[in-house]
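>>> Can you look at this prediction? I've put the sequence above it.
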Amino acid sequence: MICSPIRGQVTTFVTLSLLLCLLSTGAYGGPSTRIITLAPNVTEAVYALGQGGKVVAVSRQCNYPPAVRQKPRVGDMANPSLEAIVTLKPDLVILTDDGNPRHIWERLRTLNIPTYVYRPRRLKDLSGEIRRLGAALGVYRAAEELARGVESHMKRYLAERPGRGKRAFFLLQVEPLIVAGPRTAIDDVMNLLGLKNIASPFGVNYPVLSREEIVSAAPEVIFVGHGGGKGEIMKWKELPAVRTGHVFTVGSAVLRLSPRIVEGIDEMAAFVRNLP
């Protein structure tokens, strides 16, 4: 039987995509069995794909799932130890381009250590990146199921929008006062929940705001990252969110672009769903 031109093009595209994935990882010798992950969201994604047993070391910032705490450390995300990585003889090192310096990736490649770069920057990127990572690890079915679960989660909140347009901000650091601005995954989550991020007009991903700017925006809901700062914000009685007690501390899940971010979305949604 002769294949149609369209079918042939699709087959060629799939084949080329898989080849590019293999080229990007250097994974010519079969599935990786000794993996090092250099960022928390990378580690979480690898474990979510059922590949945690192959992880031989992680960065110092990696702390989830609990089993990760028993893994050897190869330094900080921003400054991993090349010596420690080489000593462990990995057949794949997985990095992120949002936290791991590019020169580390380039140096690993010059040492002929296969690398893979996990690249989600926004919430909309996540399911595609899960599929890419799954292809690199040879776990296509697990990746597809995981990606579809994430997509289903997002669609549910797009239909519900529990925030109902309430003015909100997400505090990352209190001194100086840094909040999540536009073009960030946290801003995406707030939009998904139907909240209005008061930091959006500032046009900076992570703006440093003054007390006067916060007061002027009159937030009705405040989220505080796990780094703290709620005690200080609760002193600002002129804020509607403080007067009504709508200041909520959230865990690390929403701060990491891994499959676990859906838990963070659920956590934030639960806080705002029943607000008056």
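Okay, I see it. Just so we're clear, the structure is a prediction, and the values are computed from it rather than from any experiment. Numbering: from 1, shown residues only.
>>> Starting from the longest strand anywhere in the chain, tell me the next helix or strand along the chain.
Secondary structure of the chain per DSSP state E: the longest strand is strand 167-174. Downstream of strand 167-174, the next assigned helix or strand under DSSP states H and E is strand 177-179.
>>> Only C-alpha atoms, please: export stretch 92-103 in PDB.
C-alpha atoms of stretch 92-103 as PDB (Å, rounded to 0.1, in the frame of the first residue of the first chain):
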ATOM      1  CA  LEU A  92      22.300  11.700  32.100                       C
ATOM      2  CA  VAL A  93      22.300  15.100  33.900                       C
ATOM      3  CA  ILE A  94      19.000  17.000  33.700                       C
ATOM      4  CA  LEU A  95      19.100  20.700  34.200                       C
ATOM      5  CA  THR A  96      16.800  23.700  33.800                       C
ATOM      6  CA  ASP A  97      17.600  26.900  31.900                       C
ATOM      7  CA  ASP A  98      15.900  28.900  34.700                       C
ATOM      8  CA  GLY A  99      18.200  28.400  37.600                       C
ATOM      9  CA  ASN A 100      21.200  26.400  36.400                       C
ATOM     10  CA  PRO A 101      23.900  28.500  34.700                       C
ATOM     11  CA  ARG A 102      24.400  27.800  31.000                       C
ATOM     12  CA  HIS A 103      28.100  27.400  31.400                       C
END
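>>> Check the offset of it from the chain's centre.
Remark: stretch 92-103 is offset 14 Å from the chain centroid, using Cα atoms, centre = their mean, to the nearest Å.
>>> Going along the chain, name the strands of the stretch 151-276 of the chain.
Using DSSP state E, counting those that start in this stretch, the strands of the stretch 151-276 of the chain run over residues 167-174, 177-179, 196-197, 221-224, 247-249.
>>> Out of those strands, which is the most enclosed?
Highest mean neighbour count of the strands of the stretch 151-276 of the chain: strand 221-224, a mean of 25 (counted as mean count of other Cβ atoms under 10 Å). C-beta coordinates here come from the backbone N, C-alpha and C atoms, glycine included.
>>> Could you spell out the sheet neighbours of that one, each with its direction?
strand 167-174 (parallel), strand 247-249 (parallel) (DSSP bridges).
>>> So what touches that strand?
163, 166-171, 195, 230, 233, 239, 241-242, 246-250, 268, 271-272, 275 (Cβ atoms under 8 Å, 6 or more residues apart in numbering).
>>> low-confidence ranges in the stretch 151-276 of the chain?
227 (pLDDT under 70).
>>> what about 80?
Applying pLDDT under 80 to the stretch 151-276 of the chain flags the ranges 226-228.
>>> Give me every residue in contact with the longest strand of the chain, excluding its own residues.
By Cβ under 8 Å, 6+ apart, strand 167-174 touches 177-180, 186, 190, 195-199, 206, 214, 217-225, 227-229, 232-233, 241, 272.
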